[in-house]
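Trainee: test case, fold it:
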Amino acid sequence: MSEKQRPRVGISHIKGIIKQTRASGYNIFSGLKDLIDNVVCKCKNIHIDLRTDSNNKLTSIYIHDDYCNGFENVNNSGSDNPFNLAHMRDGHSDDGETSEFGTGMKKAAISCGNVFEVITKVKNGPNYEYWQIKMDFNNMAQETNPEDSYEPTIYCITSESYYKQVHTYGDYGSTVIISDLTDLAKVKLNDKIDYNGVGEPKSYYKTIKYQLGIAYSDMLMDNKIKINITVNNKKYEYIDMNDNKKIDNGIITYHCDFDIFNNSIAKKRMITHYIYCELIDNEINNILVKREKPKNEKPGNEITYYKYSNDFGYNKNKIKDHDFDEFIKINKDNICELILLSTSIAVKNTSEKDVKELNKLLPTELDDERRDKNKQPPKEMSGYDISNGYNKTFICRDNRCYDIASYIISRDGYQNHVFNKLIYKSKKLNKFLGITFNKNINVNYDSKLLELIKYIQRQNKNNPNLGQYSRETKDKNCNTESDTESDTASTDALKIQSKKEIKKKHNEPIVDVKNNPIIKPKTEPIIELNTEPTIEAITKQKIESNVEQIVKPKTEPKIVPKVEPKIEPIVKPTTEPKIEPKAKLKVEQLCEEKAPIEPSIITLVSGKNLYNQLTNRIIEFKNNNTYNKNEALDKLKDIINDIFE
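Mentor: Predicted coordinates for the structure are as follows:
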């Protein structure tokens, strides 16, 4: 039997990679970030120039940097070459670099354009070389040999003069050019987009600035990098909503929400969780947690320790501090650490001094469109993107914010004021957080780490400093060590309590002087007695004016259906009662045919005799067949005038 020749498996054609990449969820914003990630931690300045046609539609993208070494390894072959689609180098496992898989720049280029070109200055020994690399993906897709289809269209050394002609920003670094854009990137810069539901819709130009500001906020705050953007090599000019011509400064600034975690009041409310993951064979074996409670809570148990289990709960998973320290010491080589910061910017029931401190968080410069629309700075906290999602979390690895995720969705409006920041360094944790190759977040990824983070955020809702802070008095400091084991139990307890209160209220009828149940009508005008030490402060003119308003009511009082009113206990006065502040004399109730007479109100003003006189007079007119409402009102006015005389 003859031995068959072994078949050759080979590699796929690049046209399959192109099709797959363009269906992988990239957009103009994620594409730009992946093009920048390759160098953002190495250079000091990045300049982006967006080229457009006469209709303001994007035609090409130029990205300039000043990294002194340029595209390293450009002389290497195979997977060591930076333009290989499976390029691997030592930096991809280095936690100090943003790039992880080595494919981001090329896949972003494939997604956004049909032509990808790089002009770079590279050091070779004591001298410098100038290289031009061009990948025309349409031409490469026409290659017959799959292996040849990955080879760049142009790969050669070029002249210094050509380098300076293209690279117009500085003496060092590289220029990346994406041209012949795909529909994904061929956008009009002045068109509005509601990207991820963040705030009000913004133009593509402003959304590009906004997204870059989020991604690199920590680096921009620390002045580690400066990023500028122009359109056709000029500052961007646009027409605002009031038809005024505006010029944008082109500076990418950090996202204002990042200031929250440095604000003194927000820090006092902050709950900090240090999460330690023990990784064995790239899988999570154990998770330990150190929890620091807010600084404004009552002293005691400032730090508590826990060990994660499948049925994790604060009360049943506590461990002692020495056990925690011993575990970290023994397994330190396999430990990857995360820090979860959680705080609130809610201002309700907050002292005036603290509100002023929180208001320092407001952006000093609003975008032009919002400023022109409102003509004034926004109200408290409206400068923040609370509409971006409920209980949002900034996912930040080594100063790069990958995305903003909401791991739990709460319909509690106060959760809009809760901000979280997850900080970590090791790339090994990316997959356990649901981070994909293009740095999007899959919040439904199944991992122990995500389950722990969701549990923590659910428990944070029960802490007065966060989810329920606005409902507590500002001076009440709660020790939340006895957190509930589950949201369900807490919610059920609240429901039971609420039902008891409602039932109690509904079982208490209103009664009149003879202890007969009566129905309390809906009233409109109310005379408010802002009582001082003497009654004379209330003038007869005010009484007469308010009485005149109800002489001719438009409709008879309505009986509210299906609501059994509240019991008001009747105490028969034996002495002249003291006048209490803020008593309300409900005149309309005394004028209407079926209106009740509230003893507590009348006796506050006149005492027992006047109360009985007024009651008898009203009953007399009600029982009289020739009852005349206007005549009754006249007599009522006389009685009220007598009271205040």
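Trainee: when you work out contacts or count neighbours from here on, use the C-alpha atoms and nothing else.
Mentor: Noted.
Trainee: for the closest residue in space to I328 that isn't next to it in sequence, give its distance to C401.
Mentor: In space, and not counting its chain neighbours, I328 is closest to I335: 7.5 Å by CA to CA, 6 or more residues apart in numbering. Applying CA to CA, to the nearest Å, the value for I335 to C401 is 22 Å.
Trainee: likewise T393?
Mentor: 10 Å.
Trainee: L433 reaches L452, doesn't it?
Mentor: No: the criterion here is CA atoms under 8 Å, and L433 misses it with L452 at 10.8 Å.
Trainee: got a list of what R269 touches?
Mentor: 294-296, 343-344, 465-466 (CA atoms under 8 Å, 6 or more residues apart in numbering).
Trainee: which members of those residues occur in strands, if any?
Mentor: 343-344 (DSSP state E).
Trainee: possible to save the contacts of R269 as TSV with neighbour count?
Mentor: Shown next, in TSV, are the contacts of R269 (neighbours: other CA atoms under 10 Å):
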residue	neighbour count
P294	25
K295	15
N296	17
T343	26
S344	29
N465	30
L466	26
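Trainee: now the contacts of R269 as TSV including pLDDT?
Mentor: Below are those laid out as TSV (pLDDT from 0 to 100):
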residue	pLDDT
P294	84
K295	78
N296	71
T343	87
S344	82
N465	70
L466	72
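Trainee: name the nearest of the contacts of R269 relative to T272.
Mentor: Within the contacts of R269, distances to T272 taken as CA to CA reach their minimum at P294, with 7.8 Å.
Trainee: surely that closest one and I271 touch.
Mentor: Yes: if you go by CA under 8 Å, P294 and I271 touch, sitting 5.2 Å apart.
Trainee: name the nearest residue to Q211, ignoring sequence neighbours.
Mentor: F29 (6.7 Å).
Trainee: can you give me the buried ones in the one helix or strand I61 maps to?
Mentor: Here I61 is covered by strand 58-65, with elements defined by DSSP states H and E. For strand 58-65, a neighbour-count test (16 or more other CA atoms under 10 Å) marks 58-65 as buried.
Trainee: list the neighbouring strands of that strand plus their orientation.
Mentor: Paired neighbours of strand 58-65 in the sheet (DSSP bridges): strand 45-52 (antiparallel), strand 174-181 (antiparallel).
Trainee: which one of those strands lies closest to D259?
Mentor: strand 45-52 (22.7 Å).
Trainee: what residues does L32 make contact with?
Mentor: Contacts of L32 by CA under 8 Å, 6+ apart are A108.
Trainee: helix or strand for it, which one?
Mentor: helix 28-37.
Trainee: tilt between that helix and strand 174-181?
Mentor: 150 degrees (axes from the mean of the first three to the mean of the last three CA atoms, to 10 degrees).
Trainee: quick one: low-confidence parts of the stretch 1-150 of the chain?
Mentor: 1-3, 86-102 (pLDDT under 70).
Trainee: helices along that one, start to end?
Mentor: 14-21, 28-37, 104-112, 137-140 (DSSP state H, counting those that start in this stretch).
Trainee: same list, those, but as JSON lines with distance to I247 please.
Mentor: JSON lines is the format used below for the helices of the stretch 1-150 of the chain (distance: least, CA to CA, whole Å):
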{"stretch": "helix 14-21", "distance to I247": "36"}
{"stretch": "helix 28-37", "distance to I247": "22"}
{"stretch": "helix 104-112", "distance to I247": "27"}
{"stretch": "helix 137-140", "distance to I247": "36"}
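Trainee: among those, which is nearest N262?
Mentor: Taking the helices of the stretch 1-150 of the chain one by one with CA to CA, helix 28-37 is closest: 25.6 Å.
Trainee: can I see the domain layout of this protein?
Mentor: 14-247, 257-366+382-490, 510-644 (automatic domain parsing).
Trainee: lowest average pLDDT across those domains?
Mentor: Mean pLDDT is lowest for domain 510-644 out of the domains of the chain, coming in at a mean of 51.
Trainee: how much does the longest strand anywhere in the chain deviate in direction from strand 58-65?
Mentor: Assignment by DSSP E gives strand 113-124 as the longest strand of the chain. Angle, strand 113-124 to strand 58-65, by the same axes, to 10 degrees: 20 degrees.
Trainee: mind listing what the nearest residue to I110 once chain neighbours are set aside touches?
Mentor: Distance criterion CA to CA, 6+ apart; nearest residue to I110, sequence neighbours excluded, is I18 at 6.4 Å. Shown in contact with I18 (CA under 8 Å, 6+ apart): 110-111, 137.
Trainee: would CSV of those with distance to A266 and neighbour count be doable?
Mentor: Converted to CSV, these look like this (distance: CA to CA, whole Å; neighbours: other CA atoms under 10 Å):
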residue, distance to A266, neighbour count
I110, 43, 25
S111, 41, 26
F137, 50, 22
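Trainee: between the residues you listed, which is nearest R458?
Mentor: S111 (37.8 Å).
Trainee: from N55, how far off is the closest residue to the closest one other than its chain neighbours?
Mentor: Leaving aside its sequence neighbours, S111 sits nearest to R22 (CA to CA, 6+ apart; 4.9 Å). Distance, R22 to N55, using CA to CA: 25 Å.
Trainee: out of the two, which sits in the busier spot?
Mentor: R22 (19 against 9; other CA atoms under 10 Å).
Trainee: what's the separation between that one and M135?
Mentor: 16 Å.
Trainee: one more: V115?
Mentor: Counting by CA to CA, the gap from V115 to M135 is 6 Å.
Trainee: same thing with N301?
Mentor: Distance from N301 to M135, by CA to CA: 61 Å.
Trainee: before we move on, what about Y274?
Mentor: Counting by CA to CA, the gap from Y274 to M135 is 45 Å.
Trainee: tell me which of the two has more neighbours.
Mentor: Remark: of Y274 and M135, M135 carries more neighbours, 23 against 18, as counted by other CA under 10 Å.
Trainee: okay, now the residue nearest to the more buried one when sequence neighbours are not counted: neighbour count?
Mentor: Take M135 and drop its neighbours on the chain: the residue closest to it by CA to CA, 6+ apart is P152, 4.6 Å away. Using other CA under 10 Å, P152 is surrounded by 18 other residues.
Trainee: check which helix or strand covers P152.
Mentor: P152 belongs to no helix or strand, assigned by DSSP H and E.
Trainee: okay, buried residues for the strand or helix carrying I275 please.
Mentor: According to DSSP H and E, I275 maps onto strand 271-280. The neighbour-count check on strand 271-280 (16+ other CA under 10 Å) flags 271-279 as buried.
Trainee: could you dump those residues into a markdown table with distance to Y163 added?
Mentor: Output for the buried residues of strand 271-280, formatted as a markdown table (distance: CA to CA, whole Å):
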| residue | distance to Y163 |
| --- | --- |
| I271 | 52 |
| T272 | 50 |
| H273 | 50 |
| Y274 | 48 |
| I275 | 48 |
| Y276 | 48 |
| C277 | 47 |
| E278 | 49 |
| L279 | 47 |
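Trainee: would you list every one of the helices in the stretch 301-450 of the chain?
Mentor: Using DSSP H, counting those that start in this stretch, helices in the stretch 301-450 of the chain cover 321-330, 352-359, 368-374, 448-460.
Trainee: I48 touches N233, doesn't it?
Mentor: No: the pair I48 and N233 fails to qualify as a contact (CA under 8 Å) at a distance of 9.1 Å.
Trainee: compare those two (neighbour count), which wins?
Mentor: I48 (21 against 12).
Trainee: quickly list what the more buried one is bridged to.
Mentor: Under the criterion used (DSSP bridges), I48 bridges to I63, I229.
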